[in-house]
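*Asks:* The following block contains a protein sequence and its predicted model.
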There are 2 protein chains.
Amino acid sequence: MVQKKQNARRGGGPAGDRGPALKGVRRSLQVLEYIALNPGRATDVAAGLNVSWATLHRTLSELEQGGFVTREADTNRYSIGARMWFIGTAYLAGHKMLEAAQPYLDDAAEGGDYTVQLVERSGRLAVTLYSYQTAGEVITKSTYGYHFPLHCGSKGQVLLAYCEAEDIDEYLNGPLESLTPETVTQPKALRQRLKEIKAQGYALTIGDVQQFTGSLSAPVFDRAHQAVGAVCFITKRSALRDAAVVEAMLETLLRTAQSTSLALGWRPGG
Amino acid sequence: MVQKKQNARRGGGPAGDRGPALKGVRRSLQVLEYIALNPGRATDVAAGLNVSWATLHRTLSELEQGGFVTREADTNRYSIGARMWFIGTAYLAGHKMLEAAQPYLDDAAEGGDYTVQLVERSGRLAVTLYSYQTAGEVITKSTYGYHFPLHCGSKGQVLLAYCEAEDIDEYLNGPLESLTPETVTQPKALRQRLKEIKAQGYALTIGDVQQFTGSLSAPVFDRAHQAVGAVCFITKRSALRDAAVVEAMLETLLRTAQSTSLALGWRPGG
DNA sequence: GCGCTTTATCCGATATACGGATACGTTGTT
DNA sequence: AACAACGTATCCGTATATCGGATAAAGCGC
């Protein structure tokens, strides 16, 4: 049998690399995330992720068997399974910010006629941790399960505005999707907006996520003065035309956000 | 080139088995679920799952790098990460039963002074898909992220009652945890309860999940007359002492559950 | 300061997953 | 209706990524 020479290093590489680690694990989670974003048929997933069909098939079968994805019997379309929901919800149990914010969010929700959300950044998206919508059906889609890119909506923009400069650069270099005709997608314009937002301490956008709504968001800080999330109020587009309404919402918003920050150990100044 | 004989089977085995498939994938998800249930230190996870430390360490590192688990910097404790929440929430988007139930759940929530939930079975647990709690702080813990074994609470019992007989057997053979002193854990007694529940079409339990609350649940059926979920009303223990209150809740409950079933294509009879 | 537990990294053997090829099933088109 | 095209399922040899024992470093309690 031919013994391979110790390490047949390929010229150039700085050595070391022991090859990609845990390929299977990484791939399976990529698949899950891909399906979360665009549920659909197996081949589409394979194409979207550049994975050989055979491999993908095995992966999906395994995931399906575990209940991590479900496949619609007749159409062969895959989507996220119940077990993922179960695992995912564990994220909220013991989430410091959520726990800290809850009472204030409830207060805010009782007081006003708008949807109250607590959001957080995850990668290039603003994810909703909590949403309380009072009566008025302002949000069309199921509250959870809809997360938006950071450059869309006041909540995302707030989260982005308080990121490190290089983080912002990186984000703006990525693809900037447009959700409505009013979504701002020019990096330059966005940069300007972010600067303004950081200067004034909150954000207001109208119609850039859904044309008929607008929102108002303020950052939540932790004890290290890091922006770790945002409180967001969403309401009908028309309501935000009225300066008095905006003023009132803004006051509650800033109070809610600050109360939460305080509960997280943040202190003014510094 | 030497052609291998068709199948060079290894003597003894009934042929077929090509060894465990996708070990890594399976393990990583096991780890995630384990952490969802008991967040904690790496060694505990290794012990709990009987995985060698080296392997577990690699797995956790990979998961952490991807944001699927987070590790508390100072204490080295692991818990579910934001990305899992993101993926998990995708389960709700486009969930047929949830979509069908939503309007009725909202109605029910507006009308009464109790928490309204929609639940579903996942393995040995009843998981909450939706929860609407009106003012009264009846539920202590964060609404999501707390799922209970099927034998605890009316919701679980309803889900269990409508399972196949062998499913029930299997469940009752497993470990039956006790959440409060009032939790019923005798298989025999449970079997009796399940029979009653199925006979009357709903379940009422008091104090077997939390001592100071009780709940009332009814099943939701799909077009194939399969029980696919349950609607559950939770309220203060004392309220359920009043027969008139129970009667009123029950009416709404059954109406809500039936409306949902109808929206799913179920039809009476059969 | 000293043991003990927990965490991090190394490395060779070998079992495991990859992916091309092949076969089957299903959908849509002329 | 028959064909074409696409999507799905499965097989198998080989290369290689993964496993886990061992070793080293870092925390932690006493």
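*Replies:* Received the coordinates, thanks.
*Asks:* Can you show me the helices along the stretch 51-200 of chain A?
*Replies:* Defined through DSSP state H, counting those that start in this stretch, the helices belonging to the stretch 51-200 of chain A, from first to last, are A:53-66, A:82-89, A:96-111, A:153-161, A:165-173, A:187-200.
*Asks:* Smallest distance to chain B belongs to which residue of the stretch 1-150 of chain A?
*Replies:* residue A:88 (1.8 Å; CB to the nearest CB). Glycine gets a C-beta too; all of them are placed from N, C-alpha and C.
*Asks:* Also the stretch 151-270 of chain A?
*Replies:* residue A:229 (10.5 Å).
*Asks:* residues contacting the residue of the stretch 1-150 of chain A closest to chain B?
*Replies:* Going by CB atoms under 8 Å, 6 or more residues apart in numbering or on different chains, residue A:88 touches B:80, B:84, B:85, B:86, B:87, B:88, B:89, B:91.
*Asks:* do the same with residue A:147
*Replies:* Each residue near residue A:147 by CB under 8 Å, 6+ apart is listed here: A:122, A:125, A:126, A:127, A:128, B:86, B:89.
*Asks:* Neighbour-wise, give me the winner out of those residues.
*Replies:* Each of these was scored for neighbours by other CB atoms under 10 Å in any protein chain shown, and residue A:126 scores highest at 29 neighbours.
*Asks:* Distance-wise, check residue A:253 relative to DNA strand C.
*Replies:* Per CB to the nearest atom of the strand, to the nearest Å, residue A:253 is found 39 Å from DNA strand C.
*Asks:* Wait, a helix at that residue?
*Replies:* Yes - Residue A:253 sits within a helix when classified using DSSP: H, G, I helix; E, B strand; the rest coil.
*Asks:* what about the closest residue to it other than its chain neighbours, helix or strand, and which?
*Replies:* On the basis of CB to CB, 6 or more residues apart in numbering or on different chains, the spatially nearest residue to residue A:253 that is not a chain neighbour turns out to be residue A:218, at 5.1 Å. Taking DSSP states H and E as the definition, residue A:218 sits inside strand A:213-221.
*Asks:* Using PDB, write out every CA atom in that strand.
*Replies:* Taking C-alpha atoms only, strand A:213-221 is exported to PDB below (Å, rounded to 0.1, in the frame of the first residue of the first chain):
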ATOM      1  CA  THR A 213     -47.400  51.500   7.800                       C
ATOM      2  CA  GLY A 214     -44.600  53.400   9.500                       C
ATOM      3  CA  SER A 215     -42.600  52.900  12.600                       C
ATOM      4  CA  LEU A 216     -40.600  54.600  15.300                       C
ATOM      5  CA  SER A 217     -37.700  52.900  17.100                       C
ATOM      6  CA  ALA A 218     -35.200  53.600  19.900                       C
ATOM      7  CA  PRO A 219     -32.100  51.700  21.000                       C
ATOM      8  CA  VAL A 220     -31.700  49.700  24.200                       C
ATOM      9  CA  PHE A 221     -28.300  49.700  25.800                       C
END
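*Asks:* helices or strands next to it in the packing?
*Replies:* Counting contacts by 3 or more CB pairs under 8 Å, 6 or more residues apart in numbering or on different chains; DSSP states H and E, the secondary-structure elements packed against strand A:213-221 are helix A:153-161, strand A:203-206, strand A:227-236, helix A:243-263.
*Asks:* and the last one, what does it pack onto?
*Replies:* Under the contact definition 3+ CB pairs under 8 Å, 6+ apart, helix A:243-263 sits against helix A:96-111, strand A:213-221, strand A:227-236.
*Asks:* Could you give the backbone dihedrals for residue A:222?
*Replies:* phi -100, psi -170 (degrees, to the nearest 10).
*Asks:* hang on, isn't the residue of the stretch 151-270 of chain A closest to chain B packed against residue A:159?
*Replies:* Yes - counting by CB atoms under 8 Å, residue A:229 sits close enough to residue A:159 to count as a contact (7.4 Å).
*Asks:* Give the residues shared as contacts by those two.
*Replies:* Jointly contacting residue A:229 and residue A:159 under the rule CB under 8 Å, 6+ apart are A:119, A:120, A:121, A:219.
*Asks:* Give the burial count for the last one, as a bare number.
*Replies:* Around residue A:219 there are 25 other residues, counting by other CB under 10 Å.
*Asks:* and what of the third one?
*Replies:* Neighbours of residue A:121 under the rule other CB under 10 Å: 23.
*Asks:* For it, list each beta-bridge partner.
*Replies:* Taking DSSP bridges, one obtains residue A:126 as the residues bridged to residue A:121.
*Asks:* ok, it - contacts?
*Replies:* Residue A:121 sits next to A:127, A:150, A:159, A:160, A:163, A:229 when contact means CB under 8 Å, 6+ apart.
*Asks:* and the fifth one, backbone torsions?
*Replies:* The phi and psi torsions at residue A:163 (degrees, to the nearest 10) take the values phi -80, psi 170.
*Asks:* Would you mind confirming that it makes contact with residue A:171?
*Replies:* Yes - with contacts counted by CB under 8 Å, residue A:163 reaches residue A:171, the gap being 7.4 Å.
*Asks:* So which of those two has more stuff around it?
*Replies:* Summary of the neighbour comparison: residue A:163 and residue A:171, criterion other CB under 10 Å, with residue A:171 having more neighbours (21 against 18).
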